[in-house]
Each structure stands twice: as structure tokens, then as C-alpha cells.
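Participant: Predicted model and sequence below, questions to follow.
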Amino acid sequence: CPKDYYRLNTDELACLHCADGKYTQEKGQPFCEAKTPCAPGSYDSTAGVGLSQKRCKDCPKEYYRLESDEARCLECDVGYYQNSAGKPYCDEVEGDSLLKPVMNVETGKVTSYEQWKCVKGIICNGQSREYQGGVWHDPSNLFPKQANMYTCVNKGCPDEGDAVMECKPGYEGPLCAVCSEEYYEQLRGCVECKDPQTAELAVFILGLVLFISTIVYLLHRYGHFITNEVAANFKITVSFVTLVSTISTQFGVTWPPKFLAALATMSALTFDLSVLSGVFCLFKVSFLASLCFSTGSLVLVLIVCFSISKLKPHLKDTCIKFCVYLLLFAYPVVSVKCVEAFACHNVDGESYLRADYSVNCASAEWNLIAGYASIFVAIYVVLLPVAVLGTLYRYRKQAVGRKVAPEGLLFAFLLDDYRLIMPCLMWDGLEMLRKLALSVVGSFWTSQSPMAIATALLLSLGFLVVQTLYQPFKSKVVNRVQNCFLAA
């Protein structure tokens, strides 16, 4: 009997055709076999025409089939996946995860899928992702680990609710911390500028000249009304402003926008070249140029004062006093600038300068920056407070027990505001150490984590306790002002 025919009894004249749903796979069969349904996870490759079990084929990966004898398999829905062939169902992606394709290194093709658990800073629902804002990862790495997530340092990262990791217009580079072409850094952000704002610059310069002229006039006309108490309060206020202006660049945390705006205003008061150039869209300033401006302008003023003291000997004491106070007031700002040259941030294996993420810390440019900054770190950042402390310590025998500083001491004016007992008479030197510690504490922590803030808080608390214990200023009002600023 041919295929699909049978004959059980012998010596019959004809074979019988198999009934519907039955078949024979070979000739000469005495009976027909029943059609076996395809198992779940497989499909009928003959679309119902074939009868043999060979017609059943396994559903490929990412497909499933629960019902039998269907002509095709169904693709897994969004939020589901299947890494094995011949499965009757798909696995559901967990609510806080996404599907991550697994690639074959040699062929570059997707071989399977696995669940990727979303990291802190990204919200997942099994099908899509949303960024929480204030975080960054390499856009080419769609499934970063927690170690590859970084806190943003400006406003260039995706906002809360964005689904794609890409920098905002005007921002680029690691952490979206570099301003693009035709964008200038203004008040902690990148703003598009096509033409220099020369008119605004002229108004600023004119206003600055008028302000300085007014101050000089008032000091000349009414300087005798300025007591040591007023001068001490002014010195404390300036120190507070210069210290606070460094907060946003030291700690790797997301600050409230209004607080950042206040810090940006304070940073403009420090006359940082990069800040002033960005505000008026003059030209882009590299970190090296800004460092040279901060340190070079300080050196230039000192040279001018030295020249004046030589040409006008009667102004020597005034020049010395001015230069010393200039060095003290500029100390936090210039110290931060110098120490920032050594603060590098490791981002996915590449090291970048925190103060300017366009500078790679393995480049020749950084070597030049570090070499130049080292000179001022050694001479200004380290030796100046040591020299001040040493000088004041030598004055202790002549000054202790007196109400006013003895005459004949070159730097006697540094003792005017303080009680002439140990260690109060050395307070200006101790203040320099406090400013240095609080100005560069962020550089001690390579990750700039909240631990840096905790360290700064502990330092501030320690100085507040010492300040409260010794009450070093002669004036009770000045001591209260200093206590308030230390608490703030």
C-alpha cells in the first residue's frame, strides 16, 4: 500500500485511504497513525498541511507558542523576554529592571537577553527608563553600573523625567561639564554668545572705577571714623564670602538652584578671569590662563606696592599693611585655584581636572598646569601661613600682657584686633589655616562624596568650639559676628 493508505486483511483487491487526521509515513503499512498535535513551544511548519511529527518546529528565542498546531509563533511583548527556543511562554521583566542584550564578542550579534537592574539615579518600569535629574553616565553605555553613575556639576545633564542620556544644548564632554563652541560659562552654566558684550563690559568697568574711587574718597575723608571693630568685621565678612564661593566646585553634590545662583554671584565678586570673561562673552579662558591671572595679578600688585614704597619711603608702612592684608584676603581664592590644579576626577577610567573637564590629567597641558601651580603652592599656600605664624609667635614675649601691640614691630597691625594672650595673638595665622582647610577639603576626597561635606562640617565645628572657647577678638561684637559666620 502506498503512503497514507493501509490494508490490515490479506488478499484484498485494494488498499484503504487513511481516515481524516491519520496518516502513514511509509509504504506497506497495515494501519494508519493518528496525527499528533505539536507540543506547546512549537509550531506547525506546514501550516496544517503536513501530518507527521516532523512538521513541528521549536519556536525561536524571543518567541513563544502556547496553543498547539498553530502555523507561527508569537513574539514576546514589550517587557517580556525569552532566551531559550521551544518555550510556551515569555519571562516578565521585573519592574525595576530593563532588558539588556548580551552580545557575542566575535560576531557582534545579540545572543541572548538578561535583566538589568536600574541603578540609583534611573527609574525603570520594566519597559522604559526615566532619569531623576542631576546624574550622568557615558551615553554610549546604555546599561551602566552604579560605579559609572556620576553627580552633575552644572545644569547640562538631563532633567528629571528625561528618557535619554544626552547633554543639553551648549554642554558636552564628561559630566556635560564642558561648554560647546559659541557657548560661554556664565554663573555656573553655559550660555550662547555670538558677540562680545562690550557695552556691558564698559558699564561694568565704569561702575567698578566709580566704586573704588568712592571707597578711596570715603576712606580719605572719613577714615578716622573706621574703628578696629569695623575693620575686623569687614575682614571676617570678606573671608566668609571668599570661602562660601568655593563650595559648589568642591563638593560633588547637587545644590538647590537658588543656592547655586547665590554662589555664582559670590564667585563673580572674586574677580576670577574665567567668570568675568564668560559674563561678557569676551573669549574662552582655559584653567591655566585663569590660574595665571589669579596668581599673576597678585604678584603684580605686590610689585607695584614694592615700587611705590621705594619711590615714596613715607608710604612704606602703608604699602606693607596693604600688601599683607591683600595676601590674607586673597589667600582662600588663590589657594583654591592652586590646589584645584591637582584635583582630578576619574571618570570611567579617564582622569579629568575637576575645575576644567576639558583638561585630561594625563596630558602635557595638565603637566604644565601642575608645574606652575606647584610653585605657588609651595611659596604662597604653604610658606605664607608658616611665616605669619612664626612671626606672630616671635612677638609673644613683647606683646603678651599688654593692651596694645608694642611699637617697632613690623607687623604689629596684625595684633590690633586680638587679645594679646596666647594663642589669641596668633589668630591671623590660625585663620589662614582654617581658610586653607575649608577651601581645599573637597580635594581630599577623590569622589567628592557627601563625606567631603561631613569633613568640612567637622572642621567648622572644631574651629567654632575653639573660637567660642578663647574669644580671641578684643571686641565682644566681633566675637559674636565670627561665631555666627562659623556656625553658618
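Facilitator: Cool, got the structure.
Participant: Checking the spatially closest residue to residue 433 that is not a sequence neighbour next. Helix, strand or coil?
Facilitator: The shortest distance from residue 433 to any non-neighbouring residue, by CB to CB, 6 or more residues apart in numbering, is to residue 385 (5.7 Å). Placement of C-beta: from N, CA and C, glycine included. The assignment at residue 385 comes out as helix when based on DSSP: H, G, I helix; E, B strand; the rest coil.
Participant: One more: residue 234?
Facilitator: With three-state DSSP as the basis, residue 234 sits in helix.
Participant: hang on, the earlier thing: could you list which residues are in contact with the residue nearest to residue 433?
Facilitator: Contacts here follow CB atoms under 8 Å, 6 or more residues apart in numbering; on that basis residue 385 touches 331, 429, 432-433, 436.
Participant: what's the answer for residue 82, then?
Facilitator: 61-64, 76, 89-91.
Participant: tell me the pLDDT at the residue nearest to it when sequence neighbours are not counted?
Facilitator: With CB to CB, 6+ apart as the criterion, residue 82 has its nearest non-adjacent residue at 4.6 Å, and that residue is residue 90. For residue 90, the model assigns a pLDDT of 85.
Participant: what does the one 4 residues further on give?
Facilitator: Per-residue confidence for residue 94 comes out at a pLDDT of 79.
Participant: who touches it in this structure?
Facilitator: Contacts of residue 94 (CB under 8 Å, 6+ apart): 115, 117, 126.
Participant: how deep is the residue nearest to residue 89 when sequence neighbours are not counted tucked in, by neighbour count?
Facilitator: Nearest residue to residue 89, sequence neighbours excluded (CB to CB, 6+ apart): residue 64, at 5.4 Å. Burial measure for residue 64: 22 neighbouring residues, criterion other CB atoms under 10 Å.
Participant: Quick check: the closest residue to residue 121 other than its chain neighbours vs residue 129, distance?
Facilitator: Spatially, and ignoring its direct neighbours in sequence, residue 121 is nearest to residue 135 (3.6 Å; CB to CB, 6+ apart). Distance of residue 135 to residue 129, computed by CB to CB, to the nearest Å: 12 Å.
Participant: who's more crowded, the two?
Facilitator: residue 135 (21 against 17).
Participant: Was I right to think that one contacts residue 149?
Facilitator: Yes - if you go by CB atoms under 8 Å, residue 135 and residue 149 touch, sitting 5.6 Å apart.
Participant: Spit out the residues that contact these two alike.
Facilitator: By CB under 8 Å, 6+ apart, residue 135 and residue 149 have these common neighbours: 121-122.
Participant: sorry, back to before: can you list phi and psi of the residue nearest to residue 82 for me?
Facilitator: phi -110, psi 150 (degrees, to the nearest 10).
Participant: Could you do residue 128 as well?
Facilitator: Residue torsions, per degrees, to the nearest 10, at residue 128 are phi -150, psi 170.
Participant: what's around the nearest residue to it once chain neighbours are set aside, how many residues?
Facilitator: Leaving aside its chain neighbours, residue 128 sits nearest to residue 163 (6.2 Å; criterion: CB to CB, 6+ apart). Residues near residue 163, counting by other CB under 10 Å, number 10.
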